[in-house]
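1. When you get a sec, could you give me coordinates for this:
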Amino acid sequence: MPLSKAERSAVNKRNAANAKGPVSEEGKTIASANALKHGLRARVHILPDEDPDEVQALLDEWTGHFNPQSPDAKHLLDQCVHSALLFQRVVRCQAAVMSKHMREAARDRDFEAADNVAGFAAGLTSDPDGSVRGLRQTALGCRYLINAWERLGSRLNDLRWWSYDELEEALRLLGLDPGDVRNSPRTWRVAVYHALLQRDVHRDKSLTALFNAENRPGSTVAVLDRDSLPSNEEALQTLKELVASQLEELLARESYLRTTIEQPDLASVQQQKILVPTDENRLLLRYHAEARTSFSRTRAELLKTLARDAKSAAERAETESEETPAEASAAAETAISPNEPNLDANPSEETASEPSDVPDPAAPGEPSEAAPETLTDSDTSMSPEWPISPQNGGLTTPLTAPTAPPA
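-> Got it, this is the predicted structure:
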């Protein structure tokens, strides 16, 4: 009996409860990168191919330069570092993609040139002249001819002769048909020099066939005579000079084609390959623009926040500096000046606490301890009321000048 939707949901929940993911930190780190494709939208700061020390050094550099204090400034600085890392990832990804396109362009070009060389090399047997002309159009084709002539030159140096197969190869490399001796004076001359390097029996047989009127071109009659043929050493030297002249010409042509034509052409092809508006290139350009925009906006907001924090700190410092003189002034106002009376204090306590330099007047009927000073006429003119300030003993009642004693 099929399960209902609710029953199937309950079964799935029970199965999910028994499932376990990675437990260790290493396993969790690996699992977190299971869906990683290019890392250009990764929220994690450090990717597996990034050095944590470099990321921390970048963060320390930004922190040391801006020195954020508020939480929002610190958050914006982290965002700037993240945007900088994202931009670096985009640049690295672009460089990797462009390098890949350039390698692919060079590889495709090499494959195409190799196919052309293989096709022309296969046609040397049927069409030597056309195949040699085709091989000489590319640097790789010239390299093919150079390798063949170097091999034939080594055979002459080591063995001092060629086999018949090697003679036919040399003639084809010259663009000549080995079977058309009658119509090609050059083919006939090379065959004669080759015959002179053979042993006695093969030499006589080959020379007899070559000097036969049916095989000998008419233009060669005045060049070589059967009775005045060059020696074996002269024939060997002539073939070596032929090989050397071919190598010299091919080496110069190969260098010219490679440096003057093919390398600039390959660079142009690679540039076109990079600039082709493929989906991959469009995506990279989009990520590049997003990373640059995100960095610019976050940095601008960080600078605004730092300026706002600096302004707030300056205002707080100014407020504190203004409050300090006001408090000092208030404290000075509440302090009691030593030259002013303390109205809040008890007069009796104040008088008792401070000794007076003015002697107290004697009470009526009691002699004074100190003899009174003799008053002159000028002293009697003093006002009968003599106000004494607190500085003169703290007396606040008027004093009456004493009357002079009778004679």
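
2. what's stretch 251-266 in contact with?
-> Ala105, Ala106, Arg109, Arg136, Gln137, Thr138, Ala139, Cys142, Arg143, Ile146 (CB atoms under 8 Å, 6 or more residues apart in numbering). C-beta coordinates here come from the backbone N, C-alpha and C atoms, glycine included.

3. Output the residues you listed in CSV; the columns should cover pLDDT.
-> Output for these, formatted as CSV (pLDDT from 0 to 100):
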residue, pLDDT
Ala105, 88
Ala106, 90
Arg109, 90
Arg136, 96
Gln137, 95
Thr138, 95
Ala139, 95
Cys142, 97
Arg143, 97
Ile146, 97
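
4. In helices, which of the residues you listed fall?
-> The helices, defined by DSSP state H, take in Ala105, Ala106, Arg109, Ala139, Cys142, Arg143, Ile146 from those.

5. Serialize those residues to JSON lines and add fields for distance to Leu85 and neighbour count.
-> Converted to JSON lines, the ones in helices among the contacts of stretch 251-266 look like this (distance: CB to CB, whole Å; neighbours: other CB atoms under 10 Å):
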{"residue": "Ala105", "distance to Leu85": "31", "neighbour count": "19"}
{"residue": "Ala106", "distance to Leu85": "32", "neighbour count": "15"}
{"residue": "Arg109", "distance to Leu85": "36", "neighbour count": "16"}
{"residue": "Ala139", "distance to Leu85": "44", "neighbour count": "20"}
{"residue": "Cys142", "distance to Leu85": "49", "neighbour count": "23"}
{"residue": "Arg143", "distance to Leu85": "47", "neighbour count": "18"}
{"residue": "Ile146", "distance to Leu85": "51", "neighbour count": "17"}
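
6. Can you show me the helices along the stretch 1-150 of the chain?
-> In the stretch 1-150 of the chain, the helices defined using DSSP state H, counting those that start in this stretch lie at 5-18, 25-32, 52-66, 71-122, 128-135, 139-159.

7. For Arg292, which of those helices is the nearest?
-> Closest to Arg292 of those is helix 71-122 (CB to CB; 6.4 Å).

8. could you check the angle helix 139-159 makes with the closest one?
-> 50 degrees (axes from the mean of the first three to the mean of the last three CA atoms, to 10 degrees).

9. what distance separates helix 71-122 from the centre of its chain?
-> Distance of helix 71-122 from the chain centroid (CA atoms, centre = their mean, to the nearest Å) equals 14 Å.

10. Does anything pack onto it? Which helices or strands?
-> Judged by 3 or more CB pairs under 8 Å, 6 or more residues apart in numbering; DSSP states H and E, the packing partners of helix 71-122 are helix 52-66, helix 128-135, helix 139-159, helix 263-275, helix 279-334.

11. what angle separates it from helix 52-66?
-> Using the same axes, to 10 degrees: helix 71-122 against helix 52-66 is 140 degrees.

12. re the thing from before, can the helices of the stretch 1-150 of the chain go into a markdown table with extra columns for distance to Leu207?
-> Output for those, formatted as a markdown table (distance: least, CB to CB, whole Å):
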| stretch | distance to Leu207 |
| --- | --- |
| helix 5-18 | 95 |
| helix 25-32 | 81 |
| helix 52-66 | 79 |
| helix 71-122 | 32 |
| helix 128-135 | 24 |
| helix 139-159 | 19 |
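
13. what's the closest of these to Arg226?
-> Among the helices of the stretch 1-150 of the chain, helix 139-159 sits nearest to Arg226 (CB to CB), with 24.0 Å.

14. how big is the angle separating that closest one from helix 128-135?
-> Using the same axes, to 10 degrees: helix 139-159 against helix 128-135 is 120 degrees.

15. Now do the most centrally placed residue in the chain against Asn281, distance only.
-> What sits nearest the mean C-alpha location of the chain, by CA atoms, centre = their mean, is Gln88, with 6.2 Å. Distance of Gln88 to Asn281, given as CB to CB, to the nearest Å: 19 Å.

16. Then Ser131?
-> 40 Å.

17. more neighbours, these two?
-> Counting neighbours by other CB atoms under 10 Å for Ser131 and for Asn281 shows that Ser131 has the greater number, 21 against 17.

18. quick one on the thing from earlier: would CSV of the helices and strands packed on helix 71-122 with distance to Asn183 be doable?
-> Compiled in CSV, the helices and strands packed on helix 71-122 are given as follows (distance: least, CB to CB, whole Å):
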stretch, distance to Asn183
helix 52-66, 75
helix 128-135, 13
helix 139-159, 24
helix 263-275, 39
helix 279-334, 58
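
19. What residues does the residue nearest to Lys74 when sequence neighbours are not counted make contact with?
-> Counting by CB to CB, 6 or more residues apart in numbering, Pro68 is the residue found nearest to Lys74 once chain neighbours are left out, at 4.6 Å. The contact partners of Pro68, taken as CB under 8 Å, 6+ apart, are Lys74, Leu76, Leu77, Leu302, Thr305, Leu306, Asp309.

20. Okay then, goodbye and thanks.
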